[in-house]
Structures are given as structure tokens and as C-alpha cells.
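[1] compute the structure for the input listed below.
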Amino acid sequence: MTGIREPIARRSTSFARSALAALILAAAALWQTPAISAEEAVVIPPPVMDEKPAAGTAKAIFAGGCFWGVQGVFQHVKGLTSAVSGYAGGDKDTAVYETVGTGRTGHAEAVEITYEPTKVTYGQLLQVYFSVAHNPTQLNYQGPDRGPQYRSTIFAENDAQKKIAESYIAQLDKAKVFPEPIVTTLETGKTFYPAEDYHQDFLTLNPTYPYIVYNDLPKVENLKTLFPDLYSDKPVLVLAANKS
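    Model (predicted):
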């Protein structure tokens with residue numbers, strides 16, 4: 001259902017939509033947290049298994065529905081140097097928004113994160129991913145978006161990440177913190193391809209867009225509420241970095 005959230009750059013927004021967005025945003029300011037949205041946050045324990053923090057940077061790739069919200073959440077996590085929206089799971093030639101939207105490319109909308117393990121660990125990123133960024137019990141959809149391109153997938157960069165993710169999924173399922181089993185898949189050996197510029201920093205640049213207001217802004221608020229030690233008011237932006 002790409003049409004339900006087609007970028008502003010690709011279609012005109014009517015006055016009615018703008019008025020609706022304003023009303024929703026005003027209501028959102030009155031909501032108590034955890035915020036209300038299509039996908040509510042779930043309080044979960046930290047992973048028992050985690051990486052040993054090492055100097056330098058590392059990468060993590062997560063898919064969990066529309067990349068606007070996933071990117072928007074992680075851009076507010078301390079210890080990140082970047083969070084880029086893109087595609088993973090398919091070939092380079094099909095890493096194009098309209099083509100990925102057919103659901104036949106093998107790609108998932110994903111976010112590539114570059115982080116400093118001494119400031120935030122892979123396990124902590126997973127905790128945000130499962131708790132706030134998306135609903136890991138929804139198979140091939142997230143909220144209003146349907147199709148395998150919106151699947152819940154962890155693209156492990158190495159064996160260590162794979163083991164940590166597998167352990168954490170088993171831990172959460174055993175604890176029954178979600179009403180249904182986790183359907184998140186693990187894929188390895190996949191290349192990440194950055195998405196078009198008009199998808200980057202979409203949440204920050206379009207805070208009154210109806211889809212963002214209802215589906216994604218509450219996730220950022222939930223991050224702030226549930227993970228105050230990890231939350232940063234200032235997002236790490238892609239386009240700003242490219243211009244510097």
C-alpha cells in the first residue's frame with residue numbers, strides 16, 4: 001500500500017489533508033505517553049546476550065515497515081553517527097522505490113545504522129527496534145502498509161550479530177512479552193542500498209504529514225519516554241551530513 005504514504009514530493013496535498021494533519025498534530029500534543037499510534041510500544045527487558053563494546057564504529061541494518069518511522073526513531077538514539085533509509089534483500093538494479101513497492105524484488109525497506117558500540121550496543125539497538133520502532137509480530141506488514149517489502153527483518157552484518165539477535169528473539173518469545181510470537185526473520189550476506197534523497201530525514205522534514213503524525217511521531221515520543229538515557233533531542237540527519 002505505497003499510495004497511502006506516497007511522499008509529498010510525488011503528489012499534491014489537499015487543503016483537507018493539511019487541515020486534518022493540523023488537527024491530529026494538535027491532539028497529539030495532548031496525548032499521554034506511551035503515545036497512542038497504529039503500533040504501540042511494548043516494555044521489554046534488555047537482551048541477556050550482547051556485544052562487547054569496542055572502539056570505533058559498527059553497522060546494523062533493520063527493516064520494520066516504512067523506513068520513514070524506523071529512520072526517524074533511530075536518528076534520535078544517542079551513539080549513532082548516521083541512520084540512512086534504503087533497501088536490503090534484493091539486487092542493486094531493483095533498489096528503486098517504485099520497483100520495491102511491487103513486493104516482488106526481495107527488498108525490504110530498511111535502515112542502515114552506523115553507531116559507536118562504546119556509547120550504544122547492538123543489544124540496545126535491538127531493544128529499541130523490538131520495543132519502539134515497529135511491531136515484530138506483524139508478518140509482511142506494519143500498520144497500514146502491506147507486502148513483503150514491509151517485513152520485519154534483521155540483516156545481520158556478521159555471525160556475532162546473528163547470534164545476539166537469535167538469542168534475543170528466543171528470550172522475548174519465552175518471556176511472552178508480546179501477545180503473539182515474533183515473526184522477525186534474520187538475513188545475512190545482503191547488501192544495503194540507500195534510498196532516494198526525498199525519503200531521507202522524512203519524519204524530521206515533514207512533521208505535520210498525516211502518516212507521520214499518526215504512525216511515527218508517537219514512536220519518537222515513546223523512545224523518549226521508555227529510553228530516556230538513550231534519547232537525543234537532536235536527530236542525526238542524512239541530508240545535513242551530505243551538505244556539510
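[2] for this structure, which residue occupies the most central location?
    The chain has V70 as the residue nearest its centroid, 1.6 Å off, counting by Cα atoms, centre = their mean.
[3] let me see the confidence value for it.
    Looking at V70, its pLDDT is 98.
[4] give me every residue that touches A175.
    By Cβ atoms under 8 Å, 6 or more residues apart in numbering, the contact list for A175 reads I44, P45. Glycine gets a C-beta too; all of them are placed from N, C-alpha and C.
[5] from K52, how far off is it?
    According to Cβ to Cβ, to the nearest Å, A175 stands 24 Å off from K52.
[6] do Y129 as well
    20 Å.
[7] the two - which one has more neighbours?
    Relative neighbour count places Y129 above the other of Y129 and K52, with 25 against 7, counting by other Cβ atoms under 10 Å.
[8] wait, the more buried one sits on G65?
    No. In this structure, Y129 is not within contact of G65 by Cβ atoms under 8 Å, at 11.3 Å.
[9] overlap of the contact sets of those two?
    Common neighbours of Y129 and G65 (Cβ under 8 Å, 6+ apart) do not exist.
[10] tell me, how many residues neighbour G56?
    7.
[11] repeat for G103
    G103: 16 neighbours (other Cβ under 10 Å).
[12] give me the distance between T208 and L125.
    For T208, the distance to L125 equals 28 Å [Cβ to Cβ].
[13] quick one: which of those two has more around it?
    L125 (26 against 15).
[14] so that one lies in a helix, does it not?
    Yes. Assessed with DSSP: H, G, I helix; E, B strand; the rest coil, L125 lies in a helix.
[15] leaving out sequence neighbours, find the closest residue to it.
    Once flanking residues are discounted, L125 sits nearest to A60: 5.5 Å by Cβ to Cβ, 6 or more residues apart in numbering.
[16] quickly list what that neighbour is bridged to.
    I113 (DSSP bridges).
[17] residue contacts, it?
    E112, I113, Y115, Y122, L125, E157, Q161.
[18] strands of this protein, start to end?
    58-64, 80-88, 108-115, 141-142, 145-146, 152-156, 185-188, 192-194 (DSSP state E).
[19] of those, which is nearest L237?
    strand 80-88 (8.9 Å; Cβ to Cβ).
[20] what comes up buried for the closest one?
    L80, S82, A83, V84, S85, G86, Y87, A88 (16 or more other Cβ atoms under 10 Å).
[21] gap between the fourth one and K163?
    For V84, the distance to K163 under the criterion Cβ to Cβ works out to 25 Å.
[22] which residues of the protein score low on pLDDT?
    Where the chain drops to pLDDT under 70, the residues are 1-39, 241-244.
[23] where do the helices of it begin and end?
    For the chain, helices defined by DSSP state H occupy the ranges 15-28, 67-74, 97-100, 122-128, 159-175, 202-205, 210-211, 217-226, 238-243.
[24] tell me which of these is the most buried.
    helix 67-74 (a mean of 28; mean count of other Cβ atoms under 10 Å).
[25] and that one, how far from the chain's centre?
    Per Cα atoms, centre = their mean, to the nearest Å, the displacement of helix 67-74 from the mean C-alpha position of its chain is 4 Å.
[26] in contact with the residue lying closest to V84 once chain neighbours are set aside, which residues?
    Distances taken as Cβ to Cβ, 6+ apart put E112 closest to V84, at 4.9 Å, once the chain neighbours are dropped. The contact partners of E112, by Cβ under 8 Å, 6+ apart, come to K59, A60, I61, S82, A83, V84, G86, A88, F192, P194.
[27] report the separation between S152 and N215.
    In terms of Cβ to Cβ, S152 sits 15 Å off from N215.
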